[in-house]
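**Student:** test case, fold it:
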Amino acid sequence: MAAHDVLTLPTPDRFAAFPYDPPYSIQVDLMRRLYSSIERKHVTIVESPTGTGKTLSLLCASLSWLADEQQRARRGKISQHGASGSTEPTWVAAQAMQMRQRELEAQERDYEERLMRARNAEAKLRALARARRVNADVPHIEGDEDAFLPNDLDVADGLDNISPAVRALMENAKHAWSEGEEPTCTKVYYASRTHSQLSQVLPELQKLRFPPTLYRSLGSTEHSGISKDETFRRKRELDQTGRGEDDGSGQRQWRTVSLGSRKQLCINEDVRSKTGDLDERCRELQQGKAGRRCQYLSPPEDGTKMLDFRDQILAFPKDIEDLAAAGRNADTCPYYGSRKAIPQAELVTLPYNLLLQKSAREALGVDLTNQIVIIDEAHNLIPTLLSLSSVSVTSTTLSMSLQQVETYYHKFRNRLAPSHGLHLRRLISYLQAMSKVVEEWIVSDQVPTEVMSIPDYTQRLGRKVDGVNLLEIETYLRKSKISRKISGYAQAVAVGVSDSSQPSHVPKPLLPLQAVEAFMLGLAGAREDGRIIFSRLGKEGKSEMEMKYLLLNPSTTFREIVESARSVVLAGGTMSPMSDVIGRLFPFLPEDRMTTFSCGHIVPQSHVQTLVLTKGPSGSLLEFKYAQQSNVEMLKELGQVVLNLCNVVPRGVIIFFPSYSSLNFAKRTWKADRALEKFEAKKKVFWEPEDSGAVDSTLCDYAEAIQSSSKEMSDKRRGAILFAVVGAKLSEGLNFADDLARVVVVVGLPFANKNSPELQERIRYANEAEIKSGSKRNPRSKDAGSELYENMCMNAVNQTIGRAIRHRSDWASLILLDRRYSLASIRQKLPSWIQDGVFVCDTFGQAVKQLGLFYRDKKQGG
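**Tutor:** Here you go, the predicted model:
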């Protein structure tokens with residue numbers, strides 16, 4: 001028992017690495033909860049509003065645990081070494097432990113010194129890069145039919161798409177690792193939606209004040225057998241030659257790697273400039289076909305250059321752009337360099353898709369076993385999981401795929417290995433059966449949409465595919481990568497091999513077989529969690545349809561991550577309602593492994609005003625259900641509400657509508673009754689564009705209008721008003737701080753279209769799952785499907801109101817404009833930091849009074 005207590009990490013009361021002293025109490029609470037959750041191997045949902053230092057707290061807590069875990073592992077190795085000879089005298093065991101301690105310290109010193117040298121080498125490369133212009137050419141790859149042949153390797157061995165040269169490189173790398181190289185280590189995987197969001201992680205990482213590992217090791221000389229003079233000499237040498245210009249002012253440099261796709265990291269301009277499949281071109285150059293090999297990849301017999309670049313990657317944290325620049329400076333591929341750096345990295349940042357897709361994890365060599373996984377911006381996790389696993393294929397795409405495979409097979413069947421020929425014949429049979437089902441459904445002309453289960457769809461395929469193992473086909477396609485060969489050959493046939501020297505005139509090819517492959521992957525892995533939806537496309541009389549595989553259960557693909565990792569943390573500014581996240585993502589998880597944490601906001605309660613408006617200026621009840629969103633009288637009442645807000649609210653007003661259609665109808669109504677002119681007289685009016693490319697310019701113009709109105713007192717218009725849409729570009733991830741949003745208004749409840757076949761299936765599935773689980777629900781409460789429908793709506797609302805209040809000194813009003821927000825069942829699904837402050841206004845006059853008091857107080861206080 002005593003040994004167990006020693007090896008259990010106690011949750012610290014303070015975090016010395018946190019850069020701000022003292023931290024807010026909510027930050028300490030969050031870090032303590034996270035540290036404890038990682039130690040106890042829990043899954044944790046964290047809700048931390050914007051402005052509370054969420055990213056910094058997540059990094060500090062997880063890396064503090066990792067630092068303590070490294071010390072614990074080190075002590076464990078030393079203790080284990082001393083205890084190996086239990087019959088030996090105590091002094092012998094103590095000496096053995098001291099020897100083991102010296103060995104470990106020597107290994108740490110050597111490794112840290114190596115990274116110091118890599119950091120210094122990188123600084124020199126950057127200096128050289130500034131003095132020269134990189135201008136490298138790769139020989140043009142001529143058209144060659146042999147390039148379209150798959151490798152004649154055993155598909156089952158997992159190395160079927162790797163050339164002998166690359167195998168030699170892999171064996172060479174394995175040999176290098178076996179000779180004293182450091183093993184893999186426990187690490188933190190930090191994921192977010194986009195690389196732009198991940199680029200904000202590294203600046204926060206640099207703020208943390210962890211002591212340098214090397215100096216800590218050099219300072220530990222009591223039992224190391226190293227003299228003080230030798231220690232001083234090493235420190236002085238490293239100070240003079242080893243410290244690069246970016247080492248973080250003497251703080252610990254966590255070994256960090258950013259992962260990205262070839263599209264983001266490829267530095268071979270010749271490859272990037274050509275149209276077509278970049279991944280396949282990279283693989284061809286990697287394999288060195290026809291004597292051509294990418295100049296940024298080391299020769300198979302020499303892996304030293306790649307290992308040196310790996311050390312440069314780990315020597316100092318780099319975001320995805322820094323990584324690409326470092327690759328150019330070192331003339332080494334950053335895509336493969338980053339993969340090589342994963343085993344020794346302590347912190348790995350990566351976008352959602354690389355973490356959540358098993359195929360991407362396997363391609364990168366990401367092993368989550370006993371690791372810490374932090375998913376930021378996790379309010380998007382469930383939609384992302386469902387989206388990544390849902391695939392659509394049109395009848396045209398399916399027909400084109402079948403044609404391409406048949407053409408390819410007939411062209412190369414006498415040159416294919418027997419195993420390839422067998423698999424391709426099975427694939428053709430399956431595609432023919434799929435095409436037949438699609439054609440029969442199109443000519444039946446019965447219903448516009450049909451939903452079926454996977455077994456129902458399989459039955460329709462007929463006896464022809466009864467003997468075909470879909471899982472084998474899917475495995476063959478995935479491992480052989482032959483769909484890329486087939487698509488590449490189809491493109492070459494279409495444009496002519498002789499025209500390959502003019503790629504600028506060739507449009508980027510569609511890869512229809514890859515879309516079908518993704519569809520088949522869904523079929524192969526699905527059971528009761530998947531559905532197939534047939535839908536007619538275009539106008540009547542057109543023989544075109546879409547076949548969609550729909551995943552209904554997001555926990556299906558997420559479960560493997562949860563069961564492999566030591567601890568999983570889902571973090572977001574607004575994770576409410578958390579019951580929905582738990583119910584949909586973790587139905588399999590024991591209750592004692594699940595924890596939640598919702599911290600308050602750092603802003604004082606007096607800085608946030610949350611009002612529910614139930615009635616308009618004329619006393620009409622405000623309820624914007626779908627039918628009411630096109631009610632002219634209701635919209636006129638809404639126009640009066642907006643006009644009053646323009647009179648009361650200073651600077652920026654943002655009003656969110658449930659959909660673009662409701663927004664556009666309101667715009668037409670207000671233009672017809674000239675309400676829009678009245679808005680314009682008070683504030684400059686902006687509308688969220690449906691074209692995402694115009695969003696940035698709209699935001700810039702909106703911000704400029706607010707800033708100019710605060711400077712020019714002669715302008716009668718005070719600020720600006722922005723009409724936007726819940727769930728669109730402006731309702732997520734954007735920062736409307738200070739004067740940009742002194743009020744955020746949500747019009748109605750943005751329920752999704754219940755007539756959607758996909759949504760109907762999700763609701764039906766939720767109800768069926770509840771019945772199967774045997775859980776008993778209060779007869780008066782909603783069923784699981786209705787809860788799901790309502791939770792989807794409230795999740796969107798919570799994201800929207802989170803656009804305001806971005807830092808401690810910020811202040812704003814939040815107005816929920818619909819009487820249904822007064823219901824307790826709805827209010828309890830709002831973020832915890834505003835629930836207690838919600839004020840339900842019985843009359844519109846009461847609302848105006850509350851707003852006036854709030855803004856008057858802020859004007860006097862500011």
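**Student:** what is the closest residue to residue 392 other than its chain neighbours paired to in the beta sheet?
**Tutor:** In this structure, residue 392 finds its nearest non-sequential neighbour in residue 548, 4.5 Å apart by C-beta to C-beta, 6 or more residues apart in numbering. The way it works is simple: take the backbone N, C-alpha and C, and place the C-beta from them, glycine included. Going by DSSP bridges, residue 548 is paired in beta bridges with residue 392, residue 533.
**Student:** tell me who's in contact with residue 548.
**Tutor:** Counting by C-beta atoms under 8 Å, 6 or more residues apart in numbering, residue 548 touches 390-393, 532-533, 535.
**Student:** enumerate every residue touching the most centrally placed residue in the chain.
**Tutor:** Nearest residue to the geometric centre of the chain (C-alpha atoms, centre = their mean): residue 352, 2.4 Å. If a contact means C-beta under 8 Å, 6+ apart, then residue 352 has 191-193, 375, 380-381, 384 as its contacts.
**Student:** okay if I get these as TSV plus neighbour count and secondary structure?
**Tutor:** Below are those laid out as TSV (neighbours: other C-beta atoms under 10 Å; DSSP: H, G, I helix; E, B strand; the rest coil):
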residue	neighbour count	secondary structure
191	23	strand
192	24	strand
193	20	coil
375	23	strand
380	19	helix
381	23	helix
384	17	helix
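**Student:** want to throw the residues you listed into a markdown table with distance to residue 24 and pLDDT?
**Tutor:** Listed next are the contacts of residue 352 as a markdown table, based on distance: C-beta to C-beta, whole Å; pLDDT from 0 to 100:
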| residue | distance to residue 24 | pLDDT |
| --- | --- | --- |
| 191 | 25 | 95 |
| 192 | 23 | 92 |
| 193 | 26 | 87 |
| 375 | 23 | 96 |
| 380 | 26 | 86 |
| 381 | 26 | 92 |
| 384 | 30 | 91 |
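**Student:** state the pLDDT value of the residue nearest to residue 392.
**Tutor:** pLDDT, residue 548: 93.
**Student:** quick one: it from residue 756, how far?
**Tutor:** As for residue 548, its distance to residue 756 is 12 Å (criterion: C-beta to C-beta, to the nearest Å).
**Student:** got it, and residue 47?
**Tutor:** Between residue 47 and residue 756 the distance is 29 Å, computed by C-beta to C-beta.
**Student:** more neighbours: which of these two?
**Tutor:** residue 47 (27 against 12; other C-beta atoms under 10 Å).
**Student:** partner residues bridging the more buried one?
**Tutor:** Under the criterion used (DSSP bridges), residue 47 bridges to residue 572, residue 598.
**Student:** return the residues in contact with it.
**Tutor:** By C-beta under 8 Å, 6+ apart, residue 47 lies in contact with 571-576, 578, 596-599, 831-832.
**Student:** for the protein, what helix or strand is lowest in average pLDDT?
**Tutor:** Taking mean pLDDT, DSSP states H and E as the measure, the chain has helix 164-178 as its least confident helix or strand, at a mean of 45.
**Student:** what about the helices in the stretch 301-450 of the chain?
**Tutor:** With helices called from DSSP state H, counting those that start in this stretch, the stretch 301-450 of the chain shows them at 304-315, 320-330, 334-341, 352-356, 358-364, 381-389, 395-412, 418-444.
**Student:** show me the contact partners of the fifth one.
**Tutor:** When contacts are defined by C-beta under 8 Å, 6+ apart, helix 358-364 is touched by residues 259, 339, 342, 353-355, 366-368, 478, 557, 560.
**Student:** list just the nearest of those residues to residue 761.
**Tutor:** Taking C-beta to C-beta as the measure, residue 557 is the one of the contacts of helix 358-364 closest to residue 761, at 17.3 Å.
**Student:** burial check on the closest one, number of neighbours?
**Tutor:** Neighbour tally, residue 557, other C-beta under 10 Å: 18.
**Student:** which strand or helix spans it?
**Tutor:** For residue 557, the element it lies in under DSSP states H and E is helix 555-564.
**Student:** can I get the CA coordinates of that helix in PDB?
**Tutor:** Coordinates of each C-alpha in helix 555-564 appear next as PDB, following Å, rounded to 0.1, in the frame of the first residue of the first chain:
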ATOM      1  CA  SER A 555     -19.700   7.100 -30.300                       C
ATOM      2  CA  THR A 556     -19.100   4.300 -32.800                       C
ATOM      3  CA  THR A 557     -15.900   5.900 -34.200                       C
ATOM      4  CA  PHE A 558     -14.900   7.800 -31.100                       C
ATOM      5  CA  ARG A 559     -15.000   4.700 -28.800                       C
ATOM      6  CA  GLU A 560     -11.600   3.400 -30.000                       C
ATOM      7  CA  ILE A 561      -9.900   6.700 -29.000                       C
ATOM      8  CA  VAL A 562     -11.500   6.700 -25.600                       C
ATOM      9  CA  GLU A 563     -10.600   3.100 -24.800                       C
ATOM     10  CA  SER A 564      -7.000   3.500 -26.100                       C
END
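**Student:** residues contacting that helix, please?
**Tutor:** Taking contacts as C-beta under 8 Å, 6+ apart, the residues outside helix 555-564 that touch it are 43, 355-356, 358, 367-371, 373, 381, 385, 388-389, 525, 529, 551, 568, 584-589.
**Student:** repeat for stretch 643-653
**Tutor:** 617, 675, 678-679, 682-683, 702, 706, 709-710, 718-722, 736, 739-743, 745, 813, 815, 844, 848, 851-852, 855, 859.
**Student:** and the residues you listed, which are buried?
**Tutor:** The neighbour count (16 or more other C-beta atoms under 10 Å) marks 617, 675, 679, 682-683, 702, 706, 709, 718-722, 736, 739-743, 745, 813, 815, 844, 848, 851, 855 as buried among these.
**Student:** mind checking which of the residues you listed are in strands?
**Tutor:** Residues of the buried ones among the contacts of stretch 643-653 located in strands (DSSP state E): 720-722, 743, 745, 813, 815.
**Student:** out of those, what pair is the most spread apart?
**Tutor:** By the measure C-beta to C-beta, 720 and 815 form the most distant pair in those, at 17.2 Å.
**Student:** okay, now the unreliable bits of the stretch 501-650 of the chain?
**Tutor:** Within the stretch 501-650 of the chain, the segments meeting pLDDT under 70 span 501-510, 526-527, 539-542.
**Student:** which stretches in it count as helices?
**Tutor:** Using DSSP H, counting those that start in this stretch, the helices of the stretch 501-650 of the chain run over 512-525, 555-564, 578-585, 632-648.
**Student:** any idea which helix or strand comes after the longest one?
**Tutor:** The reference is to helix 632-648. Taking DSSP H and E as the definition, the helix or strand right after helix 632-648 is strand 652-657.
**Student:** report the separation between residue 196 and residue 264.
**Tutor:** Noted for residue 196: a distance of 12 Å to residue 264, by C-beta to C-beta.
**Student:** the two - which one has more neighbours?
**Tutor:** Each of residue 196 and residue 264 has its neighbours counted (other C-beta under 10 Å); residue 264 has more, 16 against 12.
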